[in-house]
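# Return atomic coordinates for the entry below.
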Amino acid sequence: VDGKLVALPIFTDAPALYYRKDLLEKHGASVPKTWEELTETAQKVQDAERAAGNDDLWGFVWQGNAYEGLTCDALEWVKSFGGGQIIEPDGTISINNDKAVAALNLAKSWVGSISPEGVLSYQEEEARGVWQSGNAVFMRNWPYAYALGNGDDSAVKGLFDVTTLPTGGGHDTSAATLGGWNVAVSKYSENQEAAIDLAMYLAGAEAQKTRTLIASNLPTIVSLYDDADIAREQPIIPSWKDVFLQAVPRPSAPTKVKYNEVSNKFFTAVHATLSGEGSAEENLEVLEAELEDLKGSGW
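Next up, the predicted model:
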């Protein structure tokens, strides 16, 4: 921050599209490249499986609750449709546009069709629960779900793979929200030296490799993506490198201390749209006005 080191990264994060290899092969379907293809494929497989008696299967699960996770999901939809990043790096409020409307309208169409009505209360773990019990064709989630999905207690162990999130609206750019976790030492710590040593260890190659092997956390040290042990135990990690290198940041940098309010207003507007409480056009127009008021004379 302003040229000063305030934290050390211990792992990065970028979501991907999880898909059931066995179900796509069974029904002669390809891995979708666009959100529109995902919608069609999810419906096709869901309908066929239910006709065969698999009544609990859903086409697509994701994070629809009104919280930070919905900001991440919706940013990916909007950005991949060419609708911008809510607020651009220069501070311009860009969310009220036709491409963003189209993205939200498509997502709204999933609720009750390829996604359960309850998806509007799902966070990451609720989505993973449906997926890992074998009751979803596709899931949007973070890397941690990969190792868990291949656990001995998982109904989908060995039956799935991951790919980049789809593109949308005729655009060819995928968008995955940038995440990640850092460690820092409080300036009020009574044990500065020991705390700094611990932070350095947790951010180092040995600890990052251990977390990757155990929990499929994405390392921030680039050389670990070529590590033979990681490639053997977590074979998806090397291919995830391209996902996070193209990840899209949330607009926290331009909005600074106002980001939490920005995100709250955004996910509230998106959730209202998905719930049928006002149209995407109406809700984004109101959101734009609220963000302008919040911005005032500047971020």
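
# Most distant residue from the centre of this protein?
Here the chain reaches farthest from its C-alpha mean at Glu190, the gap being 37.3 Å by Cα atoms, centre = their mean.

# Would you mind measuring from that residue to Thr41?
57 Å (Cβ to Cβ, to the nearest Å). C-beta coordinates here come from the backbone N, C-alpha and C atoms, glycine included.

# which SS state does Ile10 fall under?
Per DSSP: H, G, I helix; E, B strand; the rest coil, the secondary structure class of Ile10 is strand.

# ok, it touching Thr212?
No - contact criterion Cβ atoms under 8 Å: Ile10 and Thr212 do not qualify, at 10.8 Å.

# Look at the two and report which has more neighbours.
Taking neighbours as other Cβ atoms under 10 Å, Ile10 and Thr212 compare with Thr212 leading, 24 against 20.

# Please identify which helix or strand holds that one.
Under the criterion of DSSP states H and E, Thr212 resides in helix 205-215.

# Report the buried residues of that helix.
Counting neighbours by 16 or more other Cβ atoms under 10 Å, one finds that the buried residues in helix 205-215 are Ala207, Gln208, Lys209, Arg211, Thr212, Leu213.

# The residues you listed into TSV, with extra columns for pLDDT and distance to Arg250?
Below are the buried residues of helix 205-215 laid out as TSV (pLDDT from 0 to 100; distance: Cβ to Cβ, whole Å):
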residue	pLDDT	distance to Arg250
Ala207	98	26
Gln208	98	23
Lys209	98	28
Arg211	96	23
Thr212	95	24
Leu213	95	28
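
# by contact count, what packs against the following helix or strand past the helix holding Thr212?
Sequence order places helix 228-233 as the next helix or strand after helix 205-215, per DSSP H and E. Contacts defined by 3 or more Cβ pairs under 8 Å, 6 or more residues apart in numbering; DSSP states H and E place helix 228-233 against helix 205-215, helix 237-245.

# among the ones you listed, which is nearest Trp77?
Smallest distance to Trp77 across those (Cβ to Cβ): 16.4 Å, for helix 237-245.

# Which elements pack onto the closest one?
Packed next to helix 237-245, using 3+ Cβ pairs under 8 Å, 6+ apart, are helix 228-233.

# Only alpha carbons, please: show the helix it packs on as PDB.
Output of helix 228-233 as PDB, limited to C-alpha atoms (Å, rounded to 0.1, in the frame of the first residue of the first chain):
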ATOM      1  CA  ALA A 228       6.500 -32.700  -9.600                       C
ATOM      2  CA  ASP A 229       4.900 -33.600  -6.300                       C
ATOM      3  CA  ILE A 230       2.000 -31.100  -6.800                       C
ATOM      4  CA  ALA A 231       1.500 -32.200 -10.400                       C
ATOM      5  CA  ARG A 232       1.200 -35.800  -9.200                       C
ATOM      6  CA  GLU A 233      -1.000 -35.300  -6.100                       C
END
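
# Show me what counts as buried in it.
Ile230.

# So what's the gap between that helix and the chain middle?
Distance of helix 228-233 from its chain centroid, counting by Cα atoms, centre = their mean, to the nearest Å, is 24 Å.

# Contacts made by the lowest-mean-pLDDT helix or strand in the chain with the rest, please.
Ranked by mean pLDDT, DSSP states H and E, the weakest helix or strand in the chain is helix 237-245, scoring a mean of 82. The set of residues external to helix 237-245 that reach it, using Cβ atoms under 8 Å, 6 or more residues apart in numbering, is 12-16, 143, 162, 164, 176, 178, 212, 216, 218-219, 222, 225-226, 230-231.

# now these: which count as buried?
By 16+ other Cβ under 10 Å, the contacts of helix 237-245 give 12-16, 143, 162, 164, 176, 178, 212, 216, 218-219, 225, 230 as buried.

# Spell out the residue ranges of the strands in the protein.
Ranges of strands within the chain are 8-13, 16-20, 58-61, 136-141, 160-163, 179-183, based on DSSP state E.

# in its sheet, what does the last one sit against?
By that I understand strand 179-183. strand 8-13 (antiparallel) (DSSP bridges).

# Repeat that for the third one.
Strand pairing for strand 58-61, using DSSP bridges, gives strand 136-141 (parallel).

# do the same with the fifth one
When sheet partners are counted by DSSP bridges, strand 160-163 sits next to strand 16-20 (antiparallel).

# CA-only coordinates of the strand it pairs with, as PDB, when you get a sec.
Output in PDB follows, covering the C-alpha atoms of strand 16-20 (Å, rounded to 0.1, in the frame of the first residue of the first chain):
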ATOM      1  CA  ALA A  16     -13.500 -22.400 -12.200                       C
ATOM      2  CA  LEU A  17     -16.300 -24.400 -13.800                       C
ATOM      3  CA  TYR A  18     -16.500 -27.900 -12.300                       C
ATOM      4  CA  TYR A  19     -18.200 -30.500 -14.600                       C
ATOM      5  CA  ARG A  20     -19.200 -34.100 -14.500                       C
END
